[in-house]
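A.B. asks: Here is my input, please return the structure:
(chains A and B)
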Amino acid sequence: MSPADDAPTHHVEAVPSPGGDEGGITDAERYPTLTAHGRRMLDFLQGHPHAPLYRNRSGNRLTADEVEHVRAFEREVEAAAVGWRAGELPPWLDAFVDRCFADTPAYRRYGSRPRDFHDVPTVSRADLGRDVARFVPDGVPAERLINFRTSGTTGHPLLLASLPTVAAGYLAFHQRALRRFAIELTHGRGQVGVVLVGFQRECFTYVSVTPTMDESGLAKINLHPGDWRDPDDRARYLDALAPEVYTGDPLSFHELAALPLATRPRALLSTSMALGTALRARLEARFGCPVLDLYSLNESGPVAVYDEAEGGHVLLQHRLYVEILDDTGRPVPPGERGEVTLTGGFNPCLPLLRYRTGDQAALRVAAGGEPVLVGLEGRPPVRFRTAAGEWLNNIEVTHALKRFALAQFTLHQAADGTLHFRFRGPESQARAIGDALRALFGAGQALEVEADGFEDGKVVQYTSELAGARP
Amino acid sequence: MKQGTPAGQSAMEREGPVLETLTRRLAETPEDFLGEPRIGTAGRVHTAAVVGDLVRALGGVAGGAELARFRGADAGTDRNRLAVTLVLCWLLADDWFARAAPPSAALLALLGDEAGELAAQAAAGKFVTDPDRREELARLALARLGYRPAGETPAQAQDRLTTLSSAERARVLRAARAAEERSRAIREALIKKAAEESADKWTRE
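C.D. replies: Below you'll find the model as predicted:
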């Protein structure tokens, strides 16, 4: 079933809002270019007999001019080469840094621009948290701002300034990532392009349309049974939508995989949490399509996509320079691990100038010249002590566990050295996981393995109470 | 910016060098003094060492505690202040100041507090490239050490410094007010319900 079944193919003028302004804005503001086709899609998504309870309202917010701007951006991203010559800075960087020092208050306070890019001070999430408004350049009109709320794993929420064109611009990088896997999106009018899948007790849910895709449908849903009249409606509804792409995180995909879906997407895009090799393989087998692991931050949008053939996450943005820095802010030698640090981006409200992400990786250049993040791990490294008293970096734990299909896990070492491993995934794996960890840490290692004990949302994957855990 | 006289010191009682020799010197500040101040492991120029050398060259002494403030801790907040200090160090390394041998306490106050106040108003490079800022820096340095430019009366020197500093202070105040108003408008826009509704992203972080 699709809303196009009975949709006329004419009548494309914008449709005024029939109401729905309880959220502070009207549908005309949520969907400025909405046509009768788009309205029909919204009605289909919202009014389907098996639809979930949609708790929120949102929209693309794009004016006609902005739709054209986004289309042009998609063409630019498609045509652009990503990367820079080894030992050199990308050619666009110099003018970008000049602009930051000229028109962004947070950077202006640094004083005169340093001659050497590597002398530009770095910025952390804490700096953004102090006053994110000072990172918005002078010329950006305040009235068009939207916010991206980021909670991270630290519990300190942060509101980042953005624009509707930035939100829409994500799709250009998704398409670039999908092309690596030989997928060109083909959906259009009367079809559902994407379903964003969540699995949380509370989740922002709504329906919309994508103007650059001829108003194909977009639904952001929560698979938690509390959002549905009948849990069986989940599969019925998703089969009715038959989206071309599902996006979500390993936890929500783990849940999606358990539904008796008859339809198949062309791709899954995973963000927000680390996606292990085994879970990715299991999802690819289950859905019969590629599962892309995107490295994406609210601060920057999609940064990179995992490509097994390149051995890491291949960069996606042509105006994003990535450095790997040590704890003191100096670039590490090529190939060594350090903190992923970003300059550039496509959000005019948040130009990033040496933004330290807190994530760890090494950077190498693939044969074709593309920069690749190798061994990407969220958060700073944590060391764990083995039964024999040796220290292991958390990346060794990641490697030891990569054959297990884990939607989410944490490893904590208590002050007495006991390891506590918690995971979400098939419980039958618990014994084998215990064996793998003992093989790594030694037979005498005190260890508890617990299945499925998580609260909602992101977790800090590796933690320790031992002194010396932070290398 | 302070316009008055350091406690216990009469302002501009003594005649100093011709102003143009100082402003020309500033315009010709060499690369070494425009280098990146060392803060933590970044930057190359050790400002504390440069200040220590200058104080000694002018016949004074400065201990570790007095020089600590010139090391800096946070590049984001300290680098412009230290960069202004370095420009001042170049200015004060002129032979005339060596002959004048100003007191170390006044020197350190100029290189420390005064540089901090100037850094809050302009990027260090402006005190080299902008004629008004060069004149302001040269006059201020003389005034804080108790001198006035050669050929001017104390009243003339004070008037000119006040005019330069007042204009700059007014500009800085206007800019600060505008910046604060802009920040407030952005913060308010961000917490509006309309912004809260966000916009369509195909993926969420």
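A.B. asks: how close does the nearest residue to residue A:106 once chain neighbours are set aside sit to residue A:168?
C.D. replies: Ranked by CB to CB, 6 or more residues apart in numbering or on different chains and with sequence neighbours excluded, the top spatial neighbour of residue A:106 is residue A:134, at 4.1 Å. To be clear about C-beta, it is placed using only N, CA and C from the backbone, and glycine gets the same treatment. For residue A:134, the distance to residue A:168 equals 26 Å [CB to CB, to the nearest Å].
A.B. asks: what bits of the stretch 251-400 of chain A have low per-residue confidence?
C.D. replies: Residues of the stretch 251-400 of chain A that meet the criterion pLDDT under 70 lie in A:379-381.
A.B. asks: just the helices in it please.
C.D. replies: With DSSP state H, counting those that start in this stretch, the ranges of helices along the stretch 251-400 of chain A come out as A:277-287, A:394-400.
A.B. asks: For the first one, enumerate the helices and strands it packs against.
C.D. replies: Helices and strands touching helix A:277-287, by 3 or more CB pairs under 8 Å, 6 or more residues apart in numbering or on different chains; DSSP states H and E, are helix A:250-257, strand A:267-270, strand A:291-297.
A.B. asks: Could I get these in JSON lines, plus columns for distance to residue A:105?
C.D. replies: Output for the helices and strands packed on helix A:277-287, formatted as JSON lines (distance: least, CB to CB, whole Å):
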{"stretch": "helix A:250-257", "distance to residue A:105": "38"}
{"stretch": "strand A:267-270", "distance to residue A:105": "35"}
{"stretch": "strand A:291-297", "distance to residue A:105": "22"}
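A.B. asks: Kindly reformat those as a markdown table containing mean neighbour count and distance to chain B.
C.D. replies: Compiled in a markdown table, the helices and strands packed on helix A:277-287 are given as follows (neighbours: other CB atoms under 10 Å in any protein chain shown; distance: least, CB to the nearest CB, whole Å):
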| stretch | mean neighbour count | distance to chain B |
| --- | --- | --- |
| helix A:250-257 | 23 | 10 |
| strand A:267-270 | 24 | 6 |
| strand A:291-297 | 25 | 5 |
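A.B. asks: before we move on, the earlier item: dump the helices of the stretch 251-400 of chain A into a markdown table; add mean neighbour count as well.
C.D. replies: Below are the helices of the stretch 251-400 of chain A laid out as a markdown table (neighbours: other CB atoms under 10 Å in any protein chain shown):
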| stretch | mean neighbour count |
| --- | --- |
| helix A:277-287 | 18 |
| helix A:394-400 | 18 |
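A.B. asks: Residue A:337: which of these is closest?
C.D. replies: Of all those, it is helix A:394-400 that lies closest to residue A:337, at 7.9 Å by CB to CB.
A.B. asks: Output the contacting helices and strands for the closest one.
C.D. replies: Looks like helix A:394-400 contacts strand A:371-377, strand A:383-385, helix A:430-441 (3+ CB pairs under 8 Å, 6+ apart).
A.B. asks: redo that, cut-off 7 Å
C.D. replies: Applying 3 or more CB pairs under 7 Å, 6 or more residues apart in numbering or on different chains; DSSP states H and E, one finds that helix A:394-400 contacts strand A:371-377, helix A:430-441.
A.B. asks: tilt between the first one and strand A:291-297?
C.D. replies: Spelled out, it's strand A:371-377. 90 degrees (axes from the mean of the first three to the mean of the last three CA atoms, to 10 degrees).
A.B. asks: For chain B, which segments count as strands?
C.D. replies: Secondary structure of chain B by DSSP state E: the strands cover B:14-15, B:147-148.
A.B. asks: what sits up against the first one?
C.D. replies: Residues from elsewhere that reach strand B:14-15 (CB atoms under 7 Å, 6 or more residues apart in numbering or on different chains): B:146, B:147, B:148, B:150.
A.B. asks: Which of these are buried? Put it as a PyMOL command.
C.D. replies: In PyMOL, a selection of the buried entries from the contacts of strand B:14-15 looks like this (16 or more other CB atoms under 10 Å in any protein chain shown):
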select buried, chain B and resi 146+147+148
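A.B. asks: Tell me how many other residues surround residue A:439.
C.D. replies: Here the number of neighbours of residue A:439 (other CB atoms under 10 Å in any protein chain shown) works out to 11.
A.B. asks: which residues does the closest residue to it other than its chain neighbours contact?
C.D. replies: In space, and not counting its chain neighbours, residue A:439 is closest to residue A:400: 7.3 Å by CB to CB, 6+ apart. Counting by CB under 7 Å, 6+ apart, residue A:400 makes contact with A:436, A:437, A:440.
A.B. asks: for the helix or strand containing residue A:98, which positions count as buried?
C.D. replies: Taking DSSP states H and E as the definition, residue A:98 sits inside helix A:93-103. Using 16+ other CB under 10 Å as the test for burial, helix A:93-103 gives A:93, A:96, A:97, A:100, A:101.
A.B. asks: what's that helix packed up against?
C.D. replies: On a contact count with 3+ CB pairs under 7 Å, 6+ apart, helix A:93-103 meets helix A:105-108.
A.B. asks: hey, C-alpha coordinates of the helix it packs on in CSV?
C.D. replies: Coordinates of each C-alpha in helix A:105-108 appear next as CSV, following Å, rounded to 0.1, in the frame of the first residue of the first chain:
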residue,chain,number,x,y,z
PRO,A,105,33.0,36.0,18.2
ALA,A,106,34.4,32.9,19.9
TYR,A,107,37.3,32.8,17.6
ARG,A,108,37.8,36.6,17.3
